[in-house]
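Engineer: here's my sequence, what's the structure:
(3 chains)
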Amino acid sequence: MWQWFFRLGSPKWFYEMSGKWLPWLFVLMTALLSVGIVWALLYVPQDYQQGDTIRIMYVHVPVASISLACFPLMAVAGIITLVWKMKLADMVAKCAAPIGAWFTAVALATGAIWGQPIWGTWWAWDARLTSMLIQFFLLIGVIALRSAIESTDAAAKACALLSIVGAINVPIIKYSVEWWNTLHQPASNFSMAEDSPMGPEIWVPLVIMIFAVYCFFVISLILSTRNEILERERRSQWVVDLIADERTN
Amino acid sequence: MFDNIQFASVGEFFQMGKYTFHVWSVYGLFAVFLFVNLFKPRMQRRQFIREQRQKALRDKQIAQQSVEQERADALGEGQ
Amino acid sequence: MKPHRRKKLTIIGFIATGLAVAIGLSLYALSNTIDLFFTPSQIAAGEVNNGQRIRIGGMVKEGSVVKSQESLHVEFITTDYSHDLQVRYDGILPDLFREGQGVVAEGMVNNGVFEASRVLAKHDENYMSVEVKAALDSAERARSMPVMATEGGQ
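Structural biologist: Predicted coordinates:
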C-alpha cells in the first residue's frame, strides 16, 4: 500500500514525471492567464463604488489566497521529512519558501496599491494585514534558517519544525476578518444566479484567474524543485548521464 | 459576449478612469512576478549544467594529464 | 507504519496541537487589542477615556454629513445602529466616503464628540456593476413610490 508513496519520494522518478507534466501545465496556465487577464481588464463591468480598481482584485485575490497554500504545503512536507526522512519532501519544502515569500509580498503590494485610493491609506495595522506581514517574515525566517545551518539534514529538520509551527498562522490570516474588526473586508459571497448583483460576470473571471495562478505556482515550484534535485543528486549516475546528454549552449 | 467591452476607445482603456497608476502598476507588478519566477529557474538550470560540464571536462583533463605523467615517468625510469 | 515512525508522528502531533492551543488562547486574551477600532456602542459605554488616541468604526448615518463651504471641515454621525457618535474632521476624505458607507476614523473623544485626525473608508464585500446598482436603486424607488403617492393624496 505504501509503495506508491515511496516511489513518489524518489527524486529520479519525480524528475522524469514532472518533465512530462510541465508542457501541459504550461499550456494550461497560458490559456487560463490570457482568458482571465483579457476578461478582467476589458469585460468586467466597473464597480459602482470602486470603479476600475475592481480589476486589481483579479490579481490580488488569487495571489493572496494561493500564498496561504504555501505554509500548509511546507508543513506537510516537514512532517514527511521528520517521520519518513523522505529527501524529495525536503527539496519541495526548500523551494516552496522563496516562492511563498514572493506570493505574500505581491499580495501585500497589490493590496496596498488598491487600499491607497479606496481606504485612503495604503497600510493599517489591522489583523488581516498584520498576520499577512507575519507570514512574510516567517517565510524569510525559514529561508534564513536554512541558509544558516550548514548540514543539509539538520537544516531540513529545523525548517520542518518552523514550517509546522508557522502553519498555525494560516487559519489566523483566513479568519482574521471574522474574529476581529478590521479595515479589510470579509470574503465575498458570490452568487451562482445569473441575475444576482454579484453574479457570474464578476466571479467567473476571478475563478479563472485563481486556477491560472495555481498553475503558475505549481509550475514554478516544479521548476525549482527539479533544479534542487539535480544539485543534490549531481554525483549519481543518472544526473551525470543527463548532463552529458543535455543540449544547451 | 464579446461586444460588451467596457471602454469606448483605446485611450480610455489605458486611462482606467481615474485609476491609471493603480490598475497598471498592479498588472505590471504581476507581469514582473510571473516573468521572474518562470525564467529564474531556467537560467539557474542552464548555469548549473554549464558548470557541471566544465567540471567534468576539467576532471577528464586532470585524469589525462596524470596518465601522461605516469607514462612519461615510466619511460624516464626505463631509460 | 513502523512503530518508531508512529511515535515520531505522535510527538509532532502533540507539539503542534499544544502550540496551536497556546497561540489560540493568547490571541483570545489579546482579542480586544487586536481589534482595529472601537464601535460607537463601546464609546457610549464609556470604555474609552477623554483624550485617549483611538480609532472608531461604524456606518456614516444617512443624511448626517455636513460639509463646510469654504474649508475642508466636515461633520457626520457614525452609527452601529444601536448608538451614534458625532465626528468632526478637517481634511481630505477618501474616494469611497459617503453616507451609508463604513468608515474608520483615527482621533480622540472630546466631550462626547470624536475629533478625527484621519478618516478611512471601509470597503464592504459587495461588488456590483454600475448598471446593476442603478437597476437595484430604481427597483427600490418603484417599491417605495406607491406609499409616497398615498401619503401625498391624504
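
Engineer: how about residue 116, phi and psi?
Structural biologist: Let's take chain A. Listed backbone geometry of residue A:116 is phi -60, psi -50, with angles given as degrees, to the nearest 10.

Engineer: correction: the question concerned chain C.
Structural biologist: Given degrees, to the nearest 10, the pair of backbone angles that residue C:116 has is phi -90, psi 140.

Engineer: one more: residue C:124?
Structural biologist: For residue C:124, the backbone dihedrals are phi -90, psi 180 (criterion: degrees, to the nearest 10).

Engineer: with adjacent residues omitted, what lies nearest to it?
Structural biologist: With Cβ to Cβ, 6 or more residues apart in numbering or on different chains as the measure, residue A:185 is the residue that lies nearest to residue C:124, at 5.8 Å, once sequence neighbours are left out. Just so you know, the C-beta spots here come from the backbone N, C-alpha and C atoms, and that holds for glycine as well.

Engineer: what about the one you found, distance to chain B?
Structural biologist: Distance check for residue A:185 against chain B: by Cβ to the nearest Cβ, to the nearest Å, it reads 17 Å.

Engineer: helix, strand or coil for that residue?
Structural biologist: Taken by DSSP: H, G, I helix; E, B strand; the rest coil, the conformation at residue A:185 corresponds to coil.

Engineer: who's in contact with it?
Structural biologist: When the contact criterion is Cβ atoms under 8 Å, 6 or more residues apart in numbering or on different chains, the partners of residue A:185 are A:177, C:122, C:123, C:124, C:125.

Engineer: need the pLDDT of the fourth one.
Structural biologist: Meaning residue C:124. Here the pLDDT value assigned to residue C:124 is 80.

Engineer: work out for me the element residue 15 sits within.
Structural biologist: Defaulting to chain A. Following DSSP states H and E, the helix or strand that holds residue A:15 is helix A:11-38.

Engineer: let's do chain C instead
Structural biologist: Secondary-structure assignment from DSSP H and E places residue C:15 in helix C:3-34.

Engineer: mind giving me the packing neighbours of that helix?
Structural biologist: In terms of contacts (3 or more Cβ pairs under 8 Å, 6 or more residues apart in numbering or on different chains; DSSP states H and E), helix C:3-34 is packed against helix A:54-84, helix A:152-166, helix A:169-179.

Engineer: now the element after it, going C-ward?
Structural biologist: Next element after helix C:3-34 (DSSP H and E): helix C:40-44.

Engineer: hmm, which helix or strand of chain B has the shakiest average pLDDT?
Structural biologist: Least confident element among the helices and strands of chain B, by mean pLDDT, DSSP states H and E: helix B:10-15 (a mean of 85).

Engineer: now check it, is it near chain C?
Structural biologist: No - using Cβ under 8 Å from any Cβ of the partner chain, helix B:10-15 stays clear of chain C, with a minimum separation of 14.7 Å.

Engineer: gap between the helix or strand just after that helix and the chain center?
Structural biologist: Proceeding C-terminally, helix B:10-15 gives way to helix B:20-78 as the next helix or strand, assigned by DSSP H and E. Taking the mean C-alpha point of helix B:20-78 and that of its whole chain, the gap between them comes to 11 Å (Cα atoms, centre = their mean, to the nearest Å).

Engineer: got the angle between helix B:20-78 and helix A:54-84?
Structural biologist: Relative orientation of helix B:20-78 with respect to helix A:54-84: 40 degrees, computed using axes from the mean of the first three to the mean of the last three Cα atoms, to 10 degrees.

Engineer: secondary structure element holding residue C:115?
Structural biologist: For residue C:115, the secondary-structure element it belongs to, assigned by DSSP H and E, is strand C:113-122.

Engineer: which elements pack onto that strand?
Structural biologist: strand C:84-90, strand C:102-110.

Engineer: for chain B, which of these is the nearest?
Structural biologist: Closest to chain B of the helices and strands packed on strand C:113-122 is strand C:102-110 (Cβ to the nearest Cβ; 20.3 Å).

Engineer: so that closest one, near chain A or not?
Structural biologist: Yes - on the criterion Cβ under 8 Å from any Cβ, strand C:102-110 is in touch with chain A at residue C:104.

Engineer: return the residues in contact with the one residue in chain C that gets nearest to chain B.
Structural biologist: For chain C, the nearest residue to chain B under the criterion Cβ to the nearest Cβ is residue C:95, separated by 8.3 Å. For residue C:95, the contacting residues are A:50, A:117, A:118, A:120, C:121, by Cβ under 8 Å, 6+ apart.

Engineer: that one - that's part of a helix, no?
Structural biologist: No - under the criterion used here (three-state DSSP), residue C:95 is coil, not part of a helix.

Engineer: what are the phi and psi angles of it?
Structural biologist: Backbone phi and psi, for residue C:95 under degrees, to the nearest 10, turn out to be phi -50, psi -30.

Engineer: report how many residues lie close to residue C:62.
Structural biologist: By other Cβ atoms under 10 Å in any protein chain shown, the residues close to residue C:62 number 11.

Engineer: name the helix or strand for the residue lying closest to it once chain neighbours are set aside, please.
Structural biologist: Closest residue to residue C:62 in three dimensions, ignoring its sequence neighbours and counting by Cβ to Cβ, 6+ apart: residue C:99, at 4.9 Å. With elements taken from DSSP H and E, nothing contains residue C:99; it lies in neither a helix nor a strand.

Engineer: touching, residue C:99 and residue C:66? I think so.
Structural biologist: No - applying Cβ atoms under 8 Å, one finds residue C:99 not in contact with residue C:66, separated by 11.2 Å.

Engineer: which residues are in contact with each of the two?
Structural biologist: By the contact definition Cβ under 8 Å, 6+ apart, residue C:99 and residue C:66 are jointly contacted by residue C:76.

Engineer: can you tell me how far the residue nearest to residue A:100 when sequence neighbours are not counted sits from residue A:25?
Structural biologist: Taking Cβ to Cβ, 6+ apart, and ignoring the residues beside it in sequence, residue A:100 has residue A:70 as its nearest neighbour in space, at 3.1 Å. Using Cβ to Cβ, to the nearest Å, residue A:70 is found at 18 Å from residue A:25.

Engineer: and those two? Which one has more around it.
Structural biologist: Just comparing residue A:70 and residue A:25: by other Cβ under 10 Å the higher neighbour count belongs to residue A:70, 29 against 15.

Engineer: so what's that one scoring on pLDDT?
Structural biologist: The per-residue pLDDT reported for residue A:70 equals 95.

Engineer: over to residue B:75?
Structural biologist: For residue B:75, the model assigns a pLDDT of 80.

Engineer: what does residue A:130 give?
Structural biologist: Confidence per residue is given as pLDDT, and for residue A:130 that number is 89.

Engineer: kindly report the same for residue C:146.
Structural biologist: We note a pLDDT of 57 for residue C:146 in this prediction.

Engineer: and the nearest residue to residue C:98 once chain neighbours are set aside, how far from chain A?
Structural biologist: Nearest residue to residue C:98 in three dimensions, chain neighbours excluded: residue C:60, at 6.9 Å (Cβ to Cβ, 6+ apart). Shown here: residue C:60 relative to chain A, a distance of 13 Å by Cβ to the nearest Cβ.
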